[in-house]
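Undergrad: Build me a structure from this.
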Amino acid sequence: MDAAAGAIQSCAVAATAAGTGTRPVVLYPSPGMGHLVSMIELGTALGARGLAVTIVVVESPYNTGATGPFLAGVSAANPSVSFHRLPKVDGLQLVASRHLAAQTFEVIRVSNPHLREFLAAASPAVLVVDFFCSIALDVAEELGVPAYFFFASGAEVLAFFLHLPVLHARTTASFRDMGEELVRVPGIPPFPATHALMPIMDRDDVAYDGFLKVCTDLCRSQGIIVNTFRSLEPRAVETIAAGHCAPPGLPTPPVHCIGPLIKSHEVATGGEECLSWLDTQPRGSVVFLCFGSIGRFSAEQTMEVAAGLEASGQRFLWVVRAPPSDDPAKKFAKPPEPDLDALLPEGFLDRTKDRGLVVKSWAPQRDVLAHEAVGGFVTHCGWNSVLEAVMAGVPMLAWPLHAEQWMNRVFLEKELQLAVAVEGYDDEEGVVAAEEVAGKVRWLMDSDGGRALRERTLAAMRRAKEALLEGGESEVTLTRLVDAWRTGGAGDVVGVTSDVA
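TA: Model prediction:
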């Protein structure tokens with residue numbers, strides 16, 4: 001166990017954690033960084049309302065190099081939120097699947113005995129579990145603890161997952177076999193089967209089985225807390241609440257839209273170079289390229305991005321990561337620092353030094369997006385990144401890489417109209433050409449279409465901030481939920497979405 005992990009373990013909380021002296025609310029995120037960040041923000045929001053909060057941390061099957069320091073920083077910055085690290089499961093076997101999601105499901109499954117031991121001692125008032133932690137509902141039912149889901153993606157993705165068992169029963173074909181056939185789900189735009197999540201593309205993959213089980217487990221919960229705000233995705237929210245997405249015969253739990261929850265501040269150290277450089281750039285002039293905590297491009301694609309940025313003539317801030325390794329033994333290892341001399345075209349850094357900055361591996365994304373010099377964002381469409389862009393009023397170019405990001409790209413472009421996609425990411429070669437990068441970056445930063453996209457994003461930003469104000473839609477929803485938990489009515493909370501069903 002490293003020093004950061006030890007610091008987290010030492011913050012384990014007793015059943016009557018600080019604050020109200022009541023039984024704690026226990027949050028159980030999956031180890032993925034995107035899921036962890038939004039769950040921690042939920043914990044911070046609950047702690048600010050006087051609830052005792054404990055976040056249970058399970059050992060990650062993959063190492064992004066960021067989780068330990070991040071959690072240590074959160075502990076120092078948020079004394080109202082405590083952490084308890086479950087013991088590491090020894091001898092964990094790799095699952096016969098090429099998808100990280102399958103390994104995550106397995107880590108959570110084998111951690112159930114440790115979770116049960118902790119919950120039995122903590123006697124929580126409520127358990128809130130991440131999507132990947134649905135097997136914990138078995139423990140909650142055994143102990144008589146009301147269980148909720150926290151859904152870290154948007155309502156449109158939730159509509160799809162609630163409906164997946166219906167799609168499964170309708171055909172024997174895998175999504176991969178369906179090609180460009182449109183997948184139709186109530187309340188969301190149809191999307192090509194090629195844009196379904198990679199882990200569920202093949203029915204005979206164990207990852208598919210894991211997702212299918214979670215989709216029915218959603219209907220076993222007392223409610224689903226969603227990191228969105230209702231006015232961002234009104235059609236999806238209302239369709240879910242009306243019961244049109246869940247499988248026939250299964251109840252739709254109350255849905256509580258309490259977002260957008262984004263990092264209240266960056267807790268990781270570093271990033272000063274980025275922000276100092278942005279201080280010297282004109283307002284709204286810089287396009288920011290960043291692709292999540294595990295997003296990595298091939299060497300070929302990195303070269304194409306570099307050539308495109310240079311040809312675009314635009315100012316840029318670009319986070320570059322080392323390409324993925326072909327060595328299976330390094331699948332879950334911490335990525336190395338990128339070798340910029342090998343990855344970038346010869347002379348690129350010198351030729352673009354007056355209008356561009358390349359940083360290795362990480363940048364303080366929330367703070368970068370909030371900087372007045374940033375006028376565009378090329379993103380992998382992870383939901384946390386989408387919400388951070390919305391809260392900053394920064395328009396997006398969509399370049400999805402994995403997980404639900406391909407679906408998010410469709411929803412952002414077709415339903416929410418807050419992004420335009422680059423072309424080529426879904427071709428057989430999967431390489432976006434330099435000419436496409438250059439053209440789309442120029443369009444985003446210097447065209448009538450880009451300016452219209454910026455105005456729509458600013459309007460969404462205003463709605464998002466209003467939702468979080470006192471009396472705003474998300475603030476009222478979270479307050480009602482907390483009041484019910486505080487008075488012991490955790491099993492009887494009515495989702496505000498029922499008002500519009």
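
Undergrad: Please make it C-alpha for all contacts and neighbour counts, starting now.
TA: Noted.

Undergrad: show me what contacts the closest residue in space to V110 that isn't next to it in sequence?
TA: Excluding the flanking residues, the one nearest V110 by Cα to Cα, 6 or more residues apart in numbering is V89, at 7.1 Å. With contact taken as Cα atoms under 8 Å, 6 or more residues apart in numbering, V89 is in contact with 107, 110-111.

Undergrad: ok, which stretches of the stretch 151-300 of the chain are strands?
TA: Along the stretch 151-300 of the chain, counting by DSSP state E, counting those that start in this stretch, strands occupy 182-183, 191-192, 224-226, 255-257, 286-290.

Undergrad: Least confident secondary structure element in this protein?
TA: Least confident helix or strand of the chain, by mean pLDDT, DSSP states H and E, is helix 3-9 with a mean of 39.

Undergrad: that older thread, that's a helix at the residue nearest to V110, yeah?
TA: No. Counting by DSSP: H, G, I helix; E, B strand; the rest coil, V89 is not found in a helix; it is coil.

Undergrad: Need the phi and psi values for it.
TA: Backbone torsions for V89, taken as degrees, to the nearest 10, come to phi -80, psi 120.

Undergrad: and A159, what does it touch?
TA: Applying Cα under 8 Å, 6+ apart to A159 gives the contacts 185-188, 236, 240, 245-246.

Undergrad: As CSV, the contacts of V89 with neighbour count would be great.
TA: Formatted as CSV, these follow (neighbours: other Cα atoms under 10 Å):
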residue, neighbour count
V107, 25
V110, 15
S111, 20
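
Undergrad: so of those residues, which ones are in helices?
TA: In helices, judged by DSSP state H, the following of those are found: 107, 110.

Undergrad: Serialize the contacts of V89 to CSV and add fields for pLDDT and distance to P124.
TA: Output for these, formatted as CSV (pLDDT from 0 to 100; distance: Cα to Cα, whole Å):
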residue, pLDDT, distance to P124
V107, 93, 22
V110, 94, 21
S111, 95, 18
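
Undergrad: what's the burial count for C219?
TA: The number of residues packed around C219, counting by other Cα atoms under 10 Å, is 19.

Undergrad: Check the spacing between it and K213 real quick.
TA: Distance of C219 to K213, given as Cα to Cα, to the nearest Å: 11 Å.

Undergrad: Scan this structure for its longest helix.
TA: Assigned via DSSP H, the chain shows its longest helix as helix 448-468.

Undergrad: could you say what helices and strands that one packs with?
TA: Applying 3 or more Cα pairs under 8 Å, 6 or more residues apart in numbering; DSSP states H and E, we find helix 448-468 packed against helix 383-392, helix 434-445, helix 473-486.

Undergrad: and with 7 Å instead?
TA: Counting contacts by 3 or more Cα pairs under 7 Å, 6 or more residues apart in numbering; DSSP states H and E, helix 448-468 is packed against helix 383-392, helix 473-486.

Undergrad: follow-up on the earlier one: let me know the closest of the contacts of V89 to P324.
TA: The closest of those to P324 turns out to be V107 (Cα to Cα; 22.7 Å).
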